[in-house]
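> compute the structure for the input listed below.
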Amino acid sequence: DGSKDGTWAQIEALAEADPHVVGVQLLRNHGHQLAATAGLHIANGERVMLIDADLQDPPELLGAMMRAMDEGADVVYGQRARREGETWFKLATAAAFYRLLGRLTDVNIPRDTGDFRLMSRRVVDLFLLMPERQRFIRGMVSWIGGHQVALPYERHARFAGASKYPLSKMIRFATDAITSFSTVPLRIAVWVGLATASLSMLLLLYALYQWSQDVVVAGWASIICAIAFFGGLQMLILGVFGEYLGRLVQEAKGRPLFMVKAIRAGKRRHEVPGHFSRMEPTLRDGVVAA
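From the prediction side, this is the model:
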């Protein structure tokens, strides 16, 4: 994903040593969700496992996932029964986010899950048909439906390195998730607007009544407070609308979701031209066919 450390060199070494390993290098950093989407575009297996590289999600669960898929599951997702090595703030905010998301959306997005999952070819192909840029993979896979099975597990502490998801990115990720799967914030904005408009009318009637009784309130403090309150509320509502409008603008541009610089398969390194997302390449026996 456009990493500036030694990750790509290690991936190339692995690909050269093992013909089963295929590495995809993006032209720049696109973020976790789009990088995972690039990997899913390349993967051509009948079953595809999506897993992070920090070993918090145990790869040895693949056997149990495969058995569940043999029994008819379309998706087998890891569900965290316990999370080690994370702060109380991260645990509390994650729990609050999933419960809020569950109330705001019509899609049944399982709680305490990440992107760690095994998917059938049919589900992956359906996922790749979704062109949106603000991606929330676990929600998009849940939206597809089919027979989806949970596999509870204990998530271990990070093996090495540090999280690349600070608070600002977590907030942005949560915003993408909510706005991608729910229009409830827009409805809330409408109801809040109606409530404040009604309150304003009541205040106006009260002011007229006081004026008719020759009761004049001295001072500007109350007026300024009212103006500031309603002005701030209007800006808040406009901000909610702006979030959705901004996403519509990004979708309307139709830019490629990601740009690939090179693909390494075995001892061969393939340079990829632009508009990779429209090429729909497949990798078979270490050869790229566009």
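
> domains of this structure: list them as residue ranges, please.
According to the TED database, the chain comprises the domains 1-30+260-289, 44-162, 183-252.

> tell me the mean pLDDT for the longest helix seen in the chain?
Secondary structure assigned by DSSP state H gives helix 221-253 as the longest helix of the chain. For helix 221-253, the mean per-residue pLDDT is 71.

> repeat that for stretch 188-196.
Mean per-residue pLDDT for stretch 188-196: 72.

> okay, and the beta partners of E154?
R82 (DSSP bridges).

> give the burial count for it, as a bare number.
Per other Cβ atoms under 10 Å, the neighbour tally for E154 reads 10. Just so you know, the C-beta spots here come from the backbone N, C-alpha and C atoms, and that holds for glycine as well.

> so it makes contact with L61?
No: between E154 and L61 there is no contact under Cβ atoms under 8 Å: 10.5 Å.

> and E60, what pLDDT?
92.

> do the same with D285
D285 is assigned 39 on the pLDDT scale.

> and for H275?
pLDDT, read off for H275, is 51.

> give the residue farthest from the middle of this structure.
Centroid-distance maximum for the chain: D214 at 58.8 Å, with Cα atoms, centre = their mean.

> could you measure from it over to D106?
Distance of D214 to D106, computed by Cβ to Cβ, to the nearest Å: 55 Å.

> that older thread, which parts of the very next helix or strand once past the longest helix of the chain are buried?
Using DSSP states H and E, the helix or strand that follows helix 221-253 in sequence is strand 260-265. Neighbour-count burial for strand 260-265, counted by 16 or more other Cβ atoms under 10 Å, picks out 260, 263-265.

> now L203, nearest residue through space, not along the chain?
A226 (7.0 Å; Cβ to Cβ, 6 or more residues apart in numbering).

> just give me the neighbour total for the one you found.
13.

> cool, and K90?
The number of residues packed near K90 is 15, by other Cβ under 10 Å.

> and it, what's its pLDDT?
70.

> tell me which helix or strand it sits in.
Going by DSSP H and E, K90 is in helix 88-104.

> mind giving me the packing neighbours of that helix?
helix 167-181 (3 or more Cβ pairs under 8 Å, 6 or more residues apart in numbering; DSSP states H and E).

> now the angle from the helix it packs on to helix 221-253?
70 degrees (axes from the mean of the first three to the mean of the last three Cα atoms, to 10 degrees).

> contacting residues around helix 167-181?
33, 93, 97, 100-101, 104-107, 109, 132, 134-136, 139-140, 143, 165, 185, 243-244, 247 (Cβ atoms under 8 Å, 6 or more residues apart in numbering).

> which of those residues are buried?
Of the contacts of helix 167-181, these count as buried by 16+ other Cβ under 10 Å: 33, 97, 101, 104-105, 107, 109, 134-136, 139-140, 143, 185, 243, 247.
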